[in-house]
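Colleague: I'd like to go over a predicted model; first the sequence, then the structure.
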Amino acid sequence: MAERFRVIGRPVPRIDGVAKVTGAAAYVGDLHLPGLQHAAVARSAVPHARIVSCSLDAARAVPGVTVVLTASDARRHFTANRFGPVVRDTPVLAEDVVRYEGEPVALVVARTADAARRAAGLVDVEYEDLPVLTDIEAAMAEGAPRLHGHAEGGEFGGAWGRGSDPEHNVAGQYHDLRGDPAAAFARVEHVFEHTYHVPPIQHYALENHVVVVEPDGPGLTVHAANQYPFLMARLLSGLLGVPESAIRVRVPFVGGSFGSKEYVNVLPLAALAALAVRAPVRLECSMEESFRSSSRHGARMTFRTALAADGRIAAREVRLLFDTGAYADQGPRVVRQAGYRSPGPYRIPHLRVDAWAVYTNRVPAGAYRGFGASQPIMACERHTDEIAAALELDPVEFRLRNLLALGDDFVAGDRPLDCDLPAGLRLAVAEMRPGHDRPEPGRRLHGVGFAVGAKNSASGRLPSSAIVRLHADGSATVLASSVEIGQGTLTMLAQVAAEALGSGVDRVRVSTPDTGATPFDQRTSSSRSTVHLGLAVQRAAEDASRQACEAAAERCGVPAEGLALREGIVTGGPRPMSIREVIDGPGSRFGGEIIGVGHFVPDEPEAPTAFGMRAGYWEGSVGAAAVAVDPETGEVEVTKLVSVGDAGTVINPLTAHGQEEGGAAMAVGHALFEACVYEGGHLVNPSLLDYRLPTARDVPAALESRLLERGDGPGPYGSKGLGESAIITAAPAIVNAVAAAIGAPLRELPLTPWRVLEALDGREHAEPGAGRA
Amino acid sequence: MIPRFRLHRPTTLEEAAGLLDAHGQAARAYAGGTELLLVLREGLLEIEHLVDLKRIPGLSGIRVVEDDGELEIGALATHTSIAESPLVREHCPALAAAEGVLGNRRVRNVGSIGGNLCFGEPHGDVAPVLVALGAALLLRGPEGLRRVLPEDWLLGPFEVDLRPAEILVAVRVPLRGQVLAYRRIRTLERPTVSVAVALTASPGTPGAVSARVVVGCAGPRPTRVRAAEDRLSATSADPQRVDAADVARRCGTAAADEVDAVDDLYGPETYKRRLVGVLVRRAVQEAWTGFGGRTMEARA
Ligand SMILES: Cc1cc2nc3c(=O)[nH]c(=O)nc-3n(C[C@H](O)[C@H](O)[C@H](O)COP(=O)(O)OP(=O)(O)OC[C@H]3O[C@@H](n4cnc5c(N)ncnc54)[C@H](O)[C@@H]3O)c2cc1C
């Protein structure tokens, strides 16, 4: 495939790589401004309480403290002390009630970070405890204490906000009914029902939340580690009541995000601090504060499936309860996506899905790499293996019998599946053939597991624009607003621009986002940058190239058709002409450089489905895992992990495989270790000493990534995105492998050794033959 | 962020003790800092003076004290230096092995055995091994030198018998040809349960074994499992006459019944108890096999 292209498909090293490994790369935390002050947040020590009083005297008395702010200051400086992406239910600083442990109550600004932190610890709040909601079902029950009243819609409002039902502590919901599932269930012989639990987990980006805000005329200049620069500019312009042009959000390199740095409270907090002291202010959170800022939804998921005699799925019912924590954040969006994807990429004639995002007194849950795909795929793929085991079917065969093929409708009206899952599954099976994983004699139990998933990525109206400035020497600057969160977006955009300009990647420089200078991009999310911003950059580069060729053709009096730009020279005409000549020649209409503009606007953002939005493309994924389990201690070792992604065209094999391998490695934590542990609303493990992340020793040496390429993606040069593909199936593949190894079902994550032992014990008591997998 | 403190760098033990004495509660000894700096950053301790022990000569050496028949490991010796020490490998290979897998490489390269013991974290690898080996701690305080057994040293979680202005100077391990087996399970950062079993030929009684079976991490402090020890001591040391697997199994069961375990993030009490049984069984089996090999060698 790569031969058709000059730079697309080549293993171009990351253009930000050297700066990052040598420490030269500048992050927000590296920014030093004259007169910089430091903010620190005083946070609620209790999960749910009325604020009886709040004494700031001791905090104000700390030397170096310039101001201590509370809700009333937020009301004074902002149009409202409220924000929120889907519903505006979140106070910048708590008003009279706190709803989770760690909620910002007061904000200290001081001349040193040390003084700010010390003073924040001295803010003295008296609380009157309120009943704590920690269980999702209990929170939805009639008569449960209500955490919120009605709130207005936020930036995402509209369809996303539908379904807010504060009466029942519901932040958002999604329902779908296709065909007549009740009748179908009544007709068949085999009905299976299982309930699965996944805990809330933490993103754990290496760089904590950090933002520097400078007052700038009527508005602000904001330096933020954030995936949503334009939405943040819009949010702050609303809060300040100033034009969007008065807010400038710049995003330098970001030290990892995984969805944690989207709609975060640190931006309004730091903005408030800067407005109050009329000086630049930095707000930098600790890791523990990051734990208390956002999380991935814990969920309880029930799957019920009716199976026809021929092993085909006749009907399915899905019920999802997502714990969205104390504020809606992006929970309503996550749960709609989760509901839509939950049935899995299978042929299901009759379907019912009910999904809710439920308020509890926990850290708000929002976006996390996979955005509502990981949880239901975990449940769906475990359920699939459990059905196969009960019927003594081979789990791969059972999947192949029911999988949607390339070109099939996931739901009529959405973009048909543009990923080949059966081919991916067969490839994964080949990779796992016996002999590929090392069989080991001894007491450990061995198992292999598979999982399949499809995520409708880049759905809905997500426009992007880009500008390519072609300089006189033939080099180019790309102005684009994709956030480099470590995924390699700058390198990818440079390759796309270089390909379209016929130049080398080293001749192209790509900007980082600056809403005051670089053009609009909806946001860096949903594995969309390659497809959407990539297209905008390709079009902008082609626009610049076309202008150069046309001007050269005009100059030589020949038609532009045969002309092309190569290495900064227009060739194919009577004589080669440099860009400098094109720009500086007589009658030139270029002001020193050629400016190409490109836009991406989806043709059909809407779809006549319950979800209502059309996928930009389908991120198809197959995961396969081999594990060894010690039946006496419950320890699990992942001995091999394979991910198969569906890339369309691989733009850069280094970064593409890097995304896949990184996603699979991250998922080891989801399967085996990670959980935010709560005791009565208190988060008890907000640090790496107690929150277990996968490390190098947990990732198998046999970590393989395979990518299918058909050149049929909607992105530049037939590409698709793949930032989230491996992560959504690697975890269920591991869990399925463990279940296969121990011959017992597993329905609760993570697979701690004691859960594995409990499952093994259960098997000993069960009927012979049950739970075979 | 670590609050401000003053760093003192004494070059003699007397000077260090003087500083600790002068500043009392506001001062702490500082070795590798792998625990101390975390605790300061979390705001769990308010300390104004750190007394760095690393410039005091002689605190990190490892040597054999022939007169006492003991191996001496300086309190400032890092985990890596112990793991790699030819003397420790020769006289106490299982201790070297345990030190070589503790924590992670950064912690092993910087953290000291003394810091590990003085911090008193219940989930530690070192203390159970030392209890099994019959080791002792040497402390230097205003009243002079003091010898403390590791089983008396740990009073509870994060609580040790360290008196004001006292400094741990060394660990002493008796050299009496012990066979040690060390097993642990680790799924979080530190061990969930660890088991050390040491077997020594009983002096004077040919064919008899003296045994120590120590369980660490399951409860607040390492504990010796007397039932298992008694069973082993009552067993003939002649490998020909003993079914090692059977002895090991019985010891495991006894330990699982006897030991104190607590619920925490590392797992529920029942799980730890179960692990104790498995690990004691495995460690006894390993130690017995090693011990039997040795007695057979001696006979040949
Ligand atoms: C991430 C991580 C993982 C770890 N994993 C493990 C593990 O798996 N198993 C395990 O056993 N341990 C583990 N540890 C603990 C590790 O062994 C200790 O952190 C280390 O040995 C402490 O030594 P230090 O020199 O850094 O002590 P410091 O941090 O300098 O001191 C610790 C405490 O001891 C006091 N102190 C230090 N030396 C003396 C002395 N000579 N006299 C008197 N007081 C003294 C200090 O005042 C302080 O209170 C882990 C630690 C970390 C941070």
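Modeller: Structure's in. What do you need?
Colleague: how about A:G153: what's its closest non-neighbour residue?
Modeller: Leaving aside its sequence neighbours, A:G153 sits nearest to A:G161 (Cβ to Cβ, 6 or more residues apart in numbering or on different chains; 4.3 Å). To be clear about C-beta, it is placed using only N, CA and C from the backbone, and glycine gets the same treatment.
Colleague: quick check: the one you found vs the ligand, distance?
Modeller: Distance of A:G161 to the ligand, given as Cβ to the nearest ligand atom, to the nearest Å: 44 Å.
Colleague: show me the contacts for that residue.
Modeller: Listed by Cβ atoms under 8 Å, 6 or more residues apart in numbering or on different chains, the contact set of A:G161 reads A:86-87, A:153-154, A:172, A:332.
Colleague: buried ones only from these, please, as a PyMOL command.
Modeller: Typed into PyMOL, the line below selects the buried ones among the contacts of A:G161, using 16 or more other Cβ atoms under 10 Å in any protein chain shown:
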select buried, chain A and resi 86+87+153+154+172+332
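Colleague: secondary structure added to the contacts of A:G161, as a markdown table?
Modeller: Formatted as a markdown table, the contacts of A:G161 follow (DSSP: H, G, I helix; E, B strand; the rest coil):
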| residue | secondary structure |
| --- | --- |
| A:V86 | coil |
| A:V87 | strand |
| A:G153 | strand |
| A:G154 | coil |
| A:G172 | strand |
| A:P332 | helix |
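Colleague: picking up where we left off before, let me see the backbone angles for the residue nearest to A:G153.
Modeller: phi -80, psi -10 (degrees, to the nearest 10).
Colleague: relative to A:F253, how far out is it?
Modeller: Using Cβ to Cβ, to the nearest Å, A:G161 is found at 33 Å from A:F253.
Colleague: and for A:I247?
Modeller: 21 Å.
Colleague: alongside the ligand, which residues does chain B contribute?
Modeller: For chain B, the residues in contact with the ligand (Cβ under 6 Å from any ligand atom) are B:28-36, B:53, B:75, B:102-103, B:107, B:110-112, B:114-116, B:118-119, B:124-126, B:162, B:167-168, B:189-191.
Colleague: sitting in helices, which of those do you find?
Modeller: Counted as lying in helices by DSSP state H, out of the residues of chain B next to the ligand, are B:36, B:107, B:110, B:114-116, B:118-119, B:126.
Colleague: got a markdown table for these, with neighbour count, distance to A:D514 and pLDDT too?
Modeller: Converted to a markdown table, those look like this (neighbours: other Cβ atoms under 10 Å in any protein chain shown; distance: Cβ to Cβ, whole Å; pLDDT from 0 to 100):
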| residue | neighbour count | distance to A:D514 | pLDDT |
| --- | --- | --- | --- |
| B:L36 | 20 | 42 | 96 |
| B:V107 | 18 | 41 | 97 |
| B:V110 | 16 | 41 | 98 |
| B:G114 | 27 | 52 | 98 |
| B:G115 | 24 | 47 | 98 |
| B:N116 | 24 | 49 | 98 |
| B:C118 | 22 | 51 | 98 |
| B:F119 | 17 | 47 | 97 |
| B:V126 | 24 | 53 | 96 |
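Colleague: now A:T524: phi and psi?
Modeller: Dihedral pair for A:T524: phi -90, psi 100, per degrees, to the nearest 10.
Colleague: for the closest residue in space to it that isn't next to it in sequence, grab phi and psi.
Modeller: With sequence-adjacent residues excluded and distances taken as Cβ to Cβ, 6+ apart, A:T524 is closest to A:V483, at 4.0 Å. Backbone torsions for A:V483, taken as degrees, to the nearest 10, come to phi -90, psi 130.
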